[in-house]
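# what's the 3D shape of this:
(one chain, ligands or ions: 1)
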Amino acid sequence: MSALFVTHPACERHVTGPTHPERPQRLQAVRRAVEASGLEGALVWDEQPPEVDPDLLERVHRRAYIETVEALARAGGGWLDTDTAVGPESARAARLAAGAAQRATEVLLAGGARRAFVAVRPPGHHAEPGRGMGFCLFNNAAVAAAAARRAGRERVLIVDWDVHHGNGTQAVFWRDPSVLVVSIHQEYWYPGTGAMEELGEGPGEGWTVNVPLPAETGDGGYADVFTEVVLPLAYACRPQFIVVSAGYDAHFADPLGGMVVSAAGFRQLARLMDEVARTLDAPLLAVLEGGYHLDALATSVVATLEAFAGRPTDPAAWREPAPAGLGARRPGRETPPSAIATRLRTVRRLLSTYWRL
Ligand SMILES: [Zn+2]
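Presented below is the predicted three-dimensional model:
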């Protein structure tokens, strides 16, 4: 079956300023790479998803915060914090980005596809119920999970492999024992949260999982996190819907991350998620988050789609960018697996109170 690819041209009209890393060119690069990938026949494109249903958005964000974003855009624009710009067309772009996530979820739940990728901006995983931050306005992945819950799916899994902690998604579902939120991120990095001990609260205790990793973790280290933590958790939870917060800023060429994952590494992570989804017979949706090196981002998205579509790309479309100069981060010079193994043992020990892994 074909994979669904959802985007919207208005997402490029969220203008953040000439030097901002989260810029419209990101989506242009993704679109060009997907078109050149040879995957065309395996993808169903939807470029006109509707705006998000306001009721659904209010399951994720407080009305006062939504109104703040809308009012700022109406007033011609401004900043939510030092990183997070709102331009005149940003609120609409954010409603459409969340709407794209909603649309993809609904198509998947109706059986119209089994895999979907949502290529939108502004990104979402730092956006908390009552505030946007870290380039994020509305939390698109959380909207997808909320849409699946609203449609009656009892358990949803969100796996966030962006290099930054998904604090927003964590905050949305902090007390919720129906959405298991797993974030894998670089330790001591923006926004500073996401310690292993952050496990959720009240009825949601054990439903938030954080795997902070040392800088320069590479493909092997990430694959270990998936086989040791993410996959066993998924099989213990048995979600009926799976969302990946797919940021690509853990790529070795990314200017905002300190990891050494390659596009081939992301393809492997996507394959592992695809395998889980197939075993559990659950639809799988990936929503774009970060990724600020245009070639690395575009190639990594194509790599993800290749795993979702279950067929190879045109090799000519593979342009794993070269590491930028002497001393640059690169694959092959990675944090040793032993340093990660110790950490994974600690995470599994913390989780053993809640899950049989
Ligand atoms: Zn990020």
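# so what strands line up beside the longest strand belonging to the chain?
For the chain, the strand that runs over the most residues, judged by DSSP state E, is strand 179-186. Partners of strand 179-186 in the sheet, by DSSP bridges, are strand 156-160 (parallel), strand 208-213 (parallel).
# Out of those, which one sits most buried?
Of all those, strand 156-160 has the most neighbours on average by mean count of other CB atoms under 10 Å, namely a mean of 27. From N, CA and C alone the C-beta is placed, and that goes for glycine too.
# quick check, the longest strand of the chain touching the ion?
No: Strand 179-186 is not in contact with the ion by CB under 5 Å from the ion; minimum separation 8.1 Å.
# Count residues in the vicinity of the residue in the chain positioned nearest to the ion, would you?
Closest residue of the chain to the ion, CB to the ion: Gly290 (2.9 Å). Other residues lying near Gly290 total 28 when counted by other CB atoms under 10 Å.
# ok, it to Val347 distance?
Look at Gly290 and Val347: by CB to CB, to the nearest Å, they are 23 Å apart.
# mind listing what's buried in stretch 165-182?
Of all the residues in stretch 165-182, those buried under the rule 16 or more other CB atoms under 10 Å are 165-174, 176, 178-182.
# Kindly indicate whether the residue nearest to Asn167 when sequence neighbours are not counted is helix, strand or coil.
Using CB to CB, 6 or more residues apart in numbering and skipping residues adjacent in sequence, the residue nearest Asn167 is Thr193, 4.7 Å away. Here Thr193 takes the coil state, with states given by DSSP: H, G, I helix; E, B strand; the rest coil.
# Run a quick neighbour tally on Thr193.
Neighbour count of Thr193, defined by other CB under 10 Å: 17.
# what residues are up against it?
His165, Asn167, Gln170 (CB atoms under 8 Å, 6 or more residues apart in numbering).
# ditto for Glu22
Taking CB under 8 Å, 6+ apart, we find Glu22 in contact with Thr16, Arg121, Pro122, Pro123, Phe135, Gly290, Tyr292.
# That one and Leu96: what is the separation?
In this view, Glu22 and Leu96 are 16 Å apart by CB to CB.
# per-residue confidence at Pro336?
Per-residue confidence at Pro336 stands at 85 (pLDDT).
# Show the end-to-end separation of stretch 285-292, please.
Chord length of stretch 285-292, first to last residue, is 21 Å (CA to CA, to the nearest Å).
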